[in-house]
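A.B. asks: Sequence first, then the predicted structure, then my questions.
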Amino acid sequence: MTGATGTLNGATVDHLLGRVPPSRIGVSVRDPGRAKHLADQGIRVRQGSYDDPVALRDSFAGAEQVLLVSSSDVTADVVTQHRTAIDAAVQAGARRILYTGAHGTGFDTPYPPLAIHAATEQHLAASGVAWTVLRNGFYGPLGQLLGPWQETGVIAKPADGPFSWVDRRDAAEAAAAILAGDSTFEGPVDLTPPSPVTLADFASAASALTGRHIERVVVDDEEWVADEIAHGTPEAAARFTLSMFQATRSGHFAQPDPTTLSQLLGREPRSAADQLAEHITGQARLRS
């Protein structure tokens, strides 16, 4: 797999180690020095980069399955990088290619990453080998999603709509279950909690958890962008984030898969409220 020194696929490796011997796991990383902890456990570590098709193909040699994490290089032609990685996996003889995509993937969306994932899925479908896309719900630091609500008592963001917020640890565990399991998943697989949430739901959960009234305030799009720029955020980055809110309120994420993630985990996934409670506890520890 690629991305094994990152947070998502690093956790996927950890879960795989509980399911298969380390000798059956191989990783392709840009900097093998950062993967010494994996090599020390008996995992095969090879150098590879989405910008170097020859090294990438060599790093995939011998793999039955290849899990590709989507590129995070904001300066690159990401679709070309993904095509390079897919082609390298095919040339290396992989029998199945898996890819970490996103719930709501499609071309008709204001949120640019979803079109990138859609183009990648098209290339996978034309690759000639079996393929699976792990369409994860949104995940990431709650501080970035919600803003400084603990100080202000307000979640002040543009208008939003329902979206799936998945715990990254659950997404990693599900990926490991698919890689090591007996069931075959063909094409796109939505990995989402059973019910979508909104920022108003986060405000309600925060109120219940803290005993304070946390208010959800809807900020005009352009007003929010101007405020972000005034606080040092580049305009392009602010508008990129705005496009995510626009996609939620146009219904792109309103239909999650209610069962697959739970079945893969053998339990209910961590809810948004569960994750918020853990976030609050972690913040309290930092302050103490």
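C.D. replies: That came through fine.
A.B. asks: what's the distance between S262 and Q144?
C.D. replies: S262 is 26 Å from Q144, where distance means C-beta to C-beta, to the nearest Å. For every residue, glycine as well, the C-beta is placed using N, CA and C.
A.B. asks: the more surrounded of these two?
C.D. replies: Counted by other C-beta atoms under 10 Å, S262 and Q144 do not tie: S262 has more neighbours, with 17 against 8.
A.B. asks: What are the buried residues along stretch 38-57?
C.D. replies: If you call a residue buried by 16 or more other C-beta atoms under 10 Å, then stretch 38-57 has these buried ones: 38, 43-51, 53, 55-57.
A.B. asks: Spell out the secondary structure type for S28.
C.D. replies: strand (DSSP: H, G, I helix; E, B strand; the rest coil).
A.B. asks: Which pLDDT value belongs to it?
C.D. replies: Model confidence at S28, given as pLDDT, is 97.
A.B. asks: any idea how far it is from V189?
C.D. replies: When distance is defined by C-beta to C-beta, S28 is 22 Å away from V189.
A.B. asks: before we move on, back to that, quick one: which of the buried residues of stretch 38-57 sit in helices?
C.D. replies: L38, P53, A55, L56, R57 (DSSP state H).
A.B. asks: what are the ranges of the strands in the stretch 151-288 of the chain?
C.D. replies: For the stretch 151-288 of the chain, the strands defined by DSSP state E, counting those that start in this stretch occupy 154-157, 187-191, 215-218.
A.B. asks: circling back to that earlier point, out of the ones in helices among the buried residues of stretch 38-57, the closest to R249 would be?
C.D. replies: L56 (38.4 Å; C-beta to C-beta).
A.B. asks: before we move on, the earlier item: out of the ones in helices among the buried residues of stretch 38-57, what pair is the most spread apart?
C.D. replies: Longest span within these, C-beta to C-beta: L38 and P53, 23.0 Å.
A.B. asks: any low-confidence regions in this structure?
C.D. replies: Where the chain drops to pLDDT under 70, the residues are 288.
A.B. asks: Okay, helices next: where are they in it?
C.D. replies: In the chain, the helices defined using DSSP H lie at 7-17, 36-39, 53-60, 78-91, 112-125, 142-146, 149-152, 168-180, 199-210, 221-230, 235-249, 260-265, 272-287.
A.B. asks: can I assume A172 is in contact with G6?
C.D. replies: No. The pair A172 / G6 is not scored as a contact, 10.3 Å apart, by C-beta atoms under 8 Å.
A.B. asks: which one of those two has more residues nearby?
C.D. replies: Between A172 and G6, counted using other C-beta under 10 Å, the more crowded position is A172 (24 against 14).
A.B. asks: ok, the more buried one to T100 distance?
C.D. replies: Per C-beta to C-beta, A172 is found 10 Å from T100.
A.B. asks: intersection of neighbour lists for those two?
C.D. replies: L8, N9 (C-beta atoms under 8 Å, 6 or more residues apart in numbering).
A.B. asks: quick revisit: could you identify which of the helices of the chain is most buried?
C.D. replies: Ranked by mean neighbour count, the helices of the chain are led by helix 168-180 with a mean of 22 (mean count of other C-beta atoms under 10 Å).
A.B. asks: May I have that one exported as CSV, CA atoms only?
C.D. replies: The C-alpha coordinates for helix 168-180 follow below in CSV (Å, rounded to 0.1, in the frame of the first residue of the first chain):
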residue,chain,number,x,y,z
ARG,A,168,-10.5,7.9,10.5
ARG,A,169,-9.6,5.0,12.7
ASP,A,170,-12.8,3.3,11.7
ALA,A,171,-12.1,3.9,8.0
ALA,A,172,-8.6,2.4,8.4
GLU,A,173,-10.0,-0.7,10.3
ALA,A,174,-12.6,-1.2,7.5
ALA,A,175,-9.9,-1.0,4.8
ALA,A,176,-7.9,-3.7,6.6
ALA,A,177,-11.0,-5.9,6.9
ILE,A,178,-11.6,-5.6,3.2
LEU,A,179,-7.9,-6.3,2.3
ALA,A,180,-7.6,-9.3,4.6
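A.B. asks: With that, I have no additional questions.
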